[in-house]
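*Asks:* build me a structure from this.
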Amino acid sequence: MPDIVYILAWGMLIVAAVAIPAAMLLRTRKLDKAPCAPPSLPPYDIGAAEHAAESLAQAVSYQTVSHTNQMEHGGYGEWIRLREFLKNRYPLVHSSMAWEVVGGFSLIYRWAAAPAAEKEPILICAHMDVVPAGEGWTHAPFSGDIAEGFVWGRGTLDCKNVLISVFEAAEALIEQGFSPSRDIFFAFGHDEEIGGLEGAGAIADLFATRNARFAMVLDEGGSLGRSAIPAGRPVAHVGVAEKGMANLRFTAKSGGGHAAAPPKQTEIGRLSEAVCRLEFRPVSPRLTPLVRDMLITLSPELPWRWKFYLSNLWLFKSRVLKIMASRPDSNALIRTTAAPTMARGSGAPNVLPDTAEITLNMRMLHDENDVALTQYLTDLTADLDVEVEVLTSREPSKVSRYSGRDFQSVAASVRRVFGPTPVVPNLMYGGTDARNYESFSDCVFRFMPFLLTPAEHDRMHGRDERVSVEALGRAVAFYTDLMKTF
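*Replies:* Just a heads-up that it's a prediction; the model follows:
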C-alpha cells in the first residue's frame, strides 16, 4: 500500500510539473495577439493646421497666468481680452451657440441639435489659464512665435492647444452646415491651474441646478506617446480616473537657540530623517483593477515576457510590481507617492528654528485616504517627535466606465485620425477640471489628441513649451470626428 501511495504521489508531481507550465503558456497565448499594424498617420488638412497655429499663437499672447491672489497680480484683464479674441476669431460659434460667462471669467457654450434630440448631450472641456513661465526661454513665453514648425509659448501644451482646437473644429463644422444630432456643450474654466474652484467648480454648480446629464465628458489629460510600460510604439492614454491628492506637513518643535551650540539632533535633522524613512519605506505598491486592465489592454504591444507575466499574475504579481516600481512614471501607477516639496526653518543662518516644517505632496491610489496616510506617517516617525498634519485632501476620482460604447467611440476617433493606434484606459497622476463633472456622467474621460515625444511632454509646465503645427492639425481633425461621431 505505501508503494502505491508513493507512486501516485510521484505521478501527481509529474503531471503538475507538465500541466502547470502548459496552462501558463496557454494563458499567455490568449494575450499573445498580433499587435496593431505599424502606425501610418493618415494625411491631415495643412490649411486647417496653419489656421489653428495662427489662432493659438494669438491666444498664447494673452497672459492668463493663474495666481491664488489674482488681484495682486493684475486681476483678470487678460482673460477678458482672450474672451474678446475668441468672439472675433470664431464668429459662427458665437452667433450659432448659446453661451454665457460663469464665475466671472469661465465660459459655457451650448450647440443645440436641430431638430431637438432626446439623446443625452456630451461635454467637451478645456481651461484658459496657464502656469507662470519663468526665465530662459528660446522664444519669449507669451510671444506666440511660429518657428521651425512649432507654435512656442506658455499654454501651447496645457492647454490652450485644446481650447483652440475645439473652437477651430466647431467653427469649421458650422461653416460646412453641419448640425449635431445631440446637444454639444463646451466648458472652459479660468482657474484650473490653482484648483478650478471658481471656474469648473462654479460651472458644475450651475449644471447641478439645471439637472444636467451627459453621455460623455471629455477634458484634457493623457496624450499619444510613450507608455509607462515601454510598448515600442505611441499609445493613446485615455484617462478614466485621477489619483487623489493630499498635502501633509511634518512639524518639529523645540526651544530654538544659537546655531553655535546645536543639540545632538536638531529639528531639521529630525525632519530630514522622517523624509528619508518615507523615501526608503514608501507606501506599499498595489495593482489596482484599472491598472491591471490597462496592462492587459496594452499587452499585444508588449514583449513576450510581459505577456507571460500578465497572463499569470497569480504567480508573477510581485515581479510585475517590482519592475513597475523601478521607474517614476510606472511607479506612480501602483502606489501612493510622496514628494517633499516645501521646507521652512529659521529666518537666519545662525539661529536654530523654534519650529521647522516640511510639506509633502501625496498622490493617493483608490481605496486609500488621508486618515490612513496620517497613521502610516505617524507610525513611521513615532520616535522622532514629529507631528503629522493634513493640510488639504481630495479623494481619488470615480473610475469611469471604459468597457462600453462611449470609450470605444473615442478610441475610434483616435484611430481614424492617427491610424491603427493602441488605445488604453489610463490612471491620471495629476488633477484636471474633469473631476468637477463626475456626478453628471458615467463616462468622464481625460485625453488630449496630441502625439508627443517624451522630450515634448517634458516641456509642459517647463521652459520652451511648444506644439507642432502638424499636431494641431490632427487635433482639429480629432475633435471634428468626435463631434460627428457622437
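
*Asks:* all contacts plus neighbour counts: C-alpha atoms, from now on.
*Replies:* Noted.

*Asks:* please name the nearest non-neighbouring residue to residue 130.
*Replies:* residue 65 (4.9 Å; C-alpha to C-alpha, 6 or more residues apart in numbering).

*Asks:* hmm, residue 127 and the one you found touching each other?
*Replies:* No - checked against C-alpha atoms under 8 Å, the pair residue 65 and residue 127 is beyond contact range at 11.5 Å.

*Asks:* out of those two, which sits in the more crowded spot?
*Replies:* More crowded of residue 65 and residue 127, by other C-alpha atoms under 10 Å: residue 127, with 28 against 24.

*Asks:* the more buried one and residue 192 touch, don't they?
*Replies:* Yes - between residue 127 and residue 192 there is a contact under C-alpha under 8 Å: 6.3 Å.

*Asks:* which residues do those two both contact?
*Replies:* residue 433 (C-alpha atoms under 8 Å, 6 or more residues apart in numbering).

*Asks:* hmm, back to that, give the contact list for the residue nearest to residue 130.
*Replies:* Residue 65 neighbours (C-alpha under 8 Å, 6+ apart): 129-132.

*Asks:* quick one, phi/psi of it?
*Replies:* Here is the backbone geometry of residue 65 (degrees, to the nearest 10): phi -90, psi 120.

*Asks:* next structured bit after the worst-scoring helix or strand of the chain on mean pLDDT?
*Replies:* Sorted by mean pLDDT, DSSP states H and E, the helices and strands of the chain end with helix 2-31, the least confident at a mean of 53. Counting by DSSP states H and E, the element after helix 2-31 in chain order, helix or strand, is helix 46-60.

*Asks:* what's the neighbour count on residue 416?
*Replies:* Residue 416, neighbours per other C-alpha under 10 Å, totals 15.

*Asks:* who does the helix or strand where it lies touch, helix- and strand-wise?
*Replies:* Using DSSP H and E, residue 416 sits in helix 405-418. Packing partners of helix 405-418 (3 or more C-alpha pairs under 8 Å, 6 or more residues apart in numbering; DSSP states H and E): helix 469-485.

*Asks:* for residue 248, see how far away residue 191 is.
*Replies:* Using C-alpha to C-alpha, to the nearest Å, we find residue 191 at a distance of 23 Å from residue 248.

*Asks:* and residue 207, by the same measure?
*Replies:* With C-alpha to C-alpha as the criterion, residue 207 and residue 248 are 32 Å apart.

*Asks:* between these two, which is the more surrounded one?
*Replies:* It is residue 248, of residue 207 and residue 248, that has more neighbours when counted by other C-alpha under 10 Å, with 23 against 15.

*Asks:* for the more buried one, give me its contacts.
*Replies:* 359-362, 388-392.

*Asks:* can you verify it is assigned to a strand?
*Replies:* Yes - assignment of residue 248 by DSSP: H, G, I helix; E, B strand; the rest coil places it within a strand.

*Asks:* how about the nearest residue to it, chain neighbours excluded?
*Replies:* Closest to residue 248 by C-alpha to C-alpha, 6+ apart is residue 390, at 4.4 Å.
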